[in-house]
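In: The sequence isn't on hand, but the structure is:
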C-alpha cells in the first residue's frame, strides 16, 4: 500500500492535519527520551483521529464518567499514541511537560500505559494480548450493567487498538472466542495491520489470516485502508449496529512519515535520530519546533475533547442513587454479619469439610447480600464450587446473570476479570485449579500492579488432590504467588479462616486476592467463635502454651497435621504451640513486636506445608526444621501420597524432637 493511494479530499486533509499532531508529539517524545516505539503511533494516528473525532463517546473534563466509551490501547508499546491523545483532547492529568518527560521516573507517561498514572488510561498494557482480553471483560461488564440498569444509564462501547503481536499471543484466542460466543457487539477492535514486527515482516513467523480467524470465532470483520479517513469512518459507522463483536483490520504503514524507516522494522522502536525526525517534519508538512502544537490545531483537538459534554450532562440528569451505589461497589452492611454468622455456625458444628466447599458457603453468604459479584470458572465449576444457588449464568441472550462459564480459558478468564473490575460496578471472582494459576499468572501480576479488586479461587491446592498426580499437584506455586507484590495470597486452614479470607479479600479495594483451597476435607481448627477476623493479621497463635518449647508453623491443610503433632509431643511431655499463617503478606505488614510474639521467642520452630521450602526460613530461622515437599508430587490416594513424602504428624513431631536436641 502506498500513501498516494489515498483520496486527497478536504476531510482527509483535515484528519491528516490533526493526526500529524499525534505523530509530531510521538516522534519528539521518543527522540528526546532516546527510547520508545514511534512506529504504531505514527501508523495509527489517522485511524485514532477518526475514532476520537467522530465516534468515541467521552468528555475529557470527566474522565470517570461511568457511561463513557472505553478506549484500550492493547498495543501498549505505542503508548505515545495514547498520551498524545490525552494531552490534545484536554485531560487535566496530562500536560505538555509530562509528554516531554516521556519514560522518565515520576512521569505519568511511562514506557507502557499504567492504570492510575493519568486519567484516561483505562488499563495497564504492554504485555501483548492483555489489553484486548481486558476489553472483553469491560464489554461483559457493560452488557451486564445494561441489563441491570437499562439504556438510559449504561449504553457505551469498548474500543481497542491492537497490534500483530496482540493477536499472536495465545490469550487473544481465549479472549476473542469468548467474546464471539457471548456476541459482545459493543466491542470494536481496530487492528493495526502493518505486517511488521521487531524481527522484520510478520510473514517470517506467522501466516494467519486474521479476518478468517475472527470470523470463525463469531466476529464481524472488515478490511480498510488505515490512512484513508473516509474508509475508516465507513467501517466504524458500520460497526455501530453490528450484531457481533467487530474487527476492523486497518492496513497501515508503520512509522508513517519517517522517510527512510516507514514500513520497516526500524520504525517499530528506538529513537529515529535527528536527521530522520527532520525528514519526517518535511514529509508531513509539519513546520513547527519539537513539542509545539499550533493554536488552531490544539483548539480543534480540545473541541473534540469537549464534544461529549452535552451527552454527559443529559446522562447526569438520569443518574440514580442506586446506580451510583452499584458503581461504588462498597461492601454492603449485611455481608459482614452474614460471614460472622457462618463463622459461628462452623465453630459450633465443627464440620470436617474441604476449604473449597467452605468457600462455597462463604460465597452463598456474600452473593445473597451483594449484587455486585460476578463469579465464574474455567470449566471447573463443580470442582471450584464457585456457582451459588441464587445466581444464574450469563449468556449471549441474557446478561442479567452473575456467573460466567469461561470454558478452558484460564488466562482469558483472569484478564477478563481485570477488565470487569476496571470498568467498575462489578467485583469479579473466578476459579480454576491452583496448578493452573501458571496459565493466569500474567493477568494476576498486572492486577496486582494496577491495584484492583479481583478474587482468584484456586482449588486443589496441594498433593492433597491425590490421584490426578504431579501434573495437577502444585508444589512451587505457594512461593511463586507469594512473590508477587501487592497480591494477597490466602491458604486457609478451615471454614472459619476461609470466611475470614473472603471478608478480607472483599474489603481490599486496592489489591487482588488469591485463595488456595483444599480438595480434601479438613477438621475445624477454630472451635471458639470470635467476630474478630484473626486472619487479618496474616498469622496468629491458634493454640497457645505458656510453657511451650516448640512453635509449629503451618498453613492450610497442614494446620491439622500440626495439631496432631502437638498431641504426639504432649504425650511425651513436650509443650508446643501452633501458629496458623493463612496470609504471609498481611503478617509481614504487622508491627515487629506482633510478629515476634506470634513466632514465639525462645522456642524452636518447625514449619509444615505441602509445598516447597522457599520463603519459610525467614520464620523458622537457621536452626528450624521444615516438613514439606522437595520434589514434584505423585499419583495416588491423598493420604498415601502424604505418607510417601513424609508429610505426617509423626514427621512433624520428630522434626521438633531433633530441633530440641540441637
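Out: Now that the structure is in, tell me what you want to look at. All values reported here derive from a predicted model rather than from experimental measurement.

In: Now do the closest residue to residue 545 other than its chain neighbours against residue 612, distance only.
Out: Take residue 545 and drop its neighbours on the chain: the residue closest to it by Cβ to Cβ, 6 or more residues apart in numbering is residue 575, 4.6 Å away. In short, each C-beta sits where N, CA and C put it, glycine included. To residue 612, residue 575 is 29 Å away according to Cβ to Cβ, to the nearest Å.

In: When the two are compared, which one has more neighbours?
Out: residue 612 (19 against 15; other Cβ atoms under 10 Å).

In: Distance of the nearest residue to residue 408 once chain neighbours are set aside relative to residue 367?
Out: Of all residues not flanking residue 408 in the chain, residue 379 sits nearest, at 4.9 Å (Cβ to Cβ, 6+ apart). Distance from residue 379 to residue 367, counting by Cβ to Cβ: 20 Å.

In: Give me the more crowded residue out of those two.
Out: Set side by side, residue 379 and residue 367 show more neighbours around residue 367, with 22 against 16, by other Cβ under 10 Å.

In: Quick one: classify that one as helix, strand or coil.
Out: helix (DSSP: H, G, I helix; E, B strand; the rest coil).

In: ditto for residue 79
Out: helix.

In: cool, and the one 4 residues further on?
Out: Secondary structure of residue 83, reduced to three states by three-state DSSP: helix.

In: again, but for the one 10 residues further on
Out: What three-state DSSP gives for residue 93 is coil.

In: what's it in contact with, if anything?
Out: Residues near residue 93 by Cβ atoms under 8 Å, 6 or more residues apart in numbering: 63, 86, 108, 118-120.

In: Let's see that with 6 Å instead.
Out: Residue 93 is in contact with 118-119, counting by Cβ atoms under 6 Å, 6 or more residues apart in numbering.

In: if I look at it, how far off is residue 452?
Out: In terms of Cβ to Cβ, residue 93 sits 18 Å off from residue 452.

In: What of residue 355?
Out: From residue 355 to residue 452 the distance is 24 Å (Cβ to Cβ).

In: With adjacent residues omitted, what lies nearest to residue 558?
Out: residue 608 (4.5 Å).

In: which parts of whichever strand or helix holds residue 237 are buried?
Out: Element membership for residue 237 (DSSP states H and E) is helix 229-239. Across helix 229-239, burial judged by 16 or more other Cβ atoms under 10 Å covers 229-233, 235-236, 239.

In: again, but for stretch 166-185
Out: 166-169, 171-180, 182-185.

In: residue boundaries of the strands in the stretch 301-450 of the chain?
Out: Along the stretch 301-450 of the chain, counting by DSSP state E, counting those that start in this stretch, strands occupy 373-377, 403-405, 427-433.

In: Can you tell me which of those strands is most buried?
Out: Greatest average neighbour count among those goes to strand 427-433 (a mean of 26), per mean count of other Cβ atoms under 10 Å.

In: That one pairs with which strands?
Out: strand 373-377 (parallel), strand 455-459 (parallel) (DSSP bridges).

In: want to throw these into JSON lines with mean pLDDT and distance to residue 653?
Out: Shown next, in JSON lines, are the strands paired with strand 427-433 (pLDDT from 0 to 100; distance: least, Cβ to Cβ, whole Å):
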{"stretch": "strand 373-377", "mean pLDDT": "98", "distance to residue 653": "39"}
{"stretch": "strand 455-459", "mean pLDDT": "98", "distance to residue 653": "29"}
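
In: what's the pLDDT at residue 270?
Out: Reported pLDDT at residue 270 in the predicted model: 85.

In: part of a strand, is it?
Out: No - assignment of residue 270 by three-state DSSP gives coil, placing it outside any strand.

In: Can you get me a residue count around the residue lying closest to it once chain neighbours are set aside?
Out: Spatial nearest neighbour of residue 270, excluding adjacent residues (Cβ to Cβ, 6+ apart): residue 35 at 7.3 Å. Residue 35 has 15 neighbouring residues, counting by other Cβ under 10 Å.

In: same check, this time on residue 342
Out: If we define neighbours as other Cβ under 10 Å, then residue 342 has 22 of them.

In: residues contacting it?
Out: 361, 365, 499.

In: Contacts for the longest helix anywhere in the chain, please.
Out: For the chain, the longest helix by residue count, based on DSSP state H, is helix 10-33. Residues outside helix 10-33 that contact it (Cβ under 6 Å, 6+ apart) are 36, 38, 41-42, 45-46, 49, 80, 84, 88, 99, 102-103, 229, 257, 271, 277, 284, 286, 290-291, 293, 297.

In: Out of the buried residues of helix 229-239, which comes closest to residue 445?
Out: The closest of those to residue 445 turns out to be residue 239 (Cβ to Cβ; 32.1 Å).

In: my guess is the closest one contacts residue 188, does it?
Out: Yes - proximity of residue 239 to residue 188 meets the contact threshold set by Cβ atoms under 6 Å, at 4.9 Å.

In: overlap in contacts of these two?
Out: residue 246.

In: Can you tell me the number of residues neighbouring residue 541?
Out: Around residue 541 there are 17 residues (other Cβ under 10 Å).

In: for residue 364, same thing?
Out: Using other Cβ under 10 Å, residue 364 has 16 other residues around it.

In: From residue 391, how far off is it?
Out: Using Cβ to Cβ, one obtains 10 Å as the distance from residue 364 to residue 391.

In: Which among the strands of the stretch 301-450 of the chain is found nearest to residue 245?
Out: strand 403-405 (15.9 Å).

In: where along the stretch 351-500 of the chain do the helices fall?
Out: In the stretch 351-500 of the chain, the helices defined using DSSP state H, counting those that start in this stretch lie at 355-369, 381-384, 410-423, 437-450, 477-482, 495-507.

In: most packed of these?
Out: The most buried one of the helices of the stretch 351-500 of the chain (mean count of other Cβ under 10 Å) is helix 410-423, showing a mean of 29.

In: Please, which helix or strand holds the residue nearest to residue 558?
Out: Residue 608 is part of strand 604-609 when elements are defined by DSSP H and E.

In: Now the element after that strand, going C-ward?
Out: Downstream of strand 604-609 (by DSSP H and E), the next one is helix 617-620.

In: Flag every buried residue along that following helix.
Out: Buried-residue list, helix 617-620, by 16+ other Cβ under 10 Å: 619-620.

In: do the same with stretch 394-402
Out: Result for stretch 394-402 [16+ other Cβ under 10 Å]: buried residues 394, 399, 402.

In: mind showing which ranges of the stretch 1-150 of the chain have poor pLDDT?
Out: For the stretch 1-150 of the chain, applying pLDDT under 70 flags the ranges 1-8.

In: wouldn't residue 423 be in contact with residue 140 here?
Out: No - counting by Cβ under 6 Å, residue 423 does not reach residue 140; the two are 8.4 Å apart.
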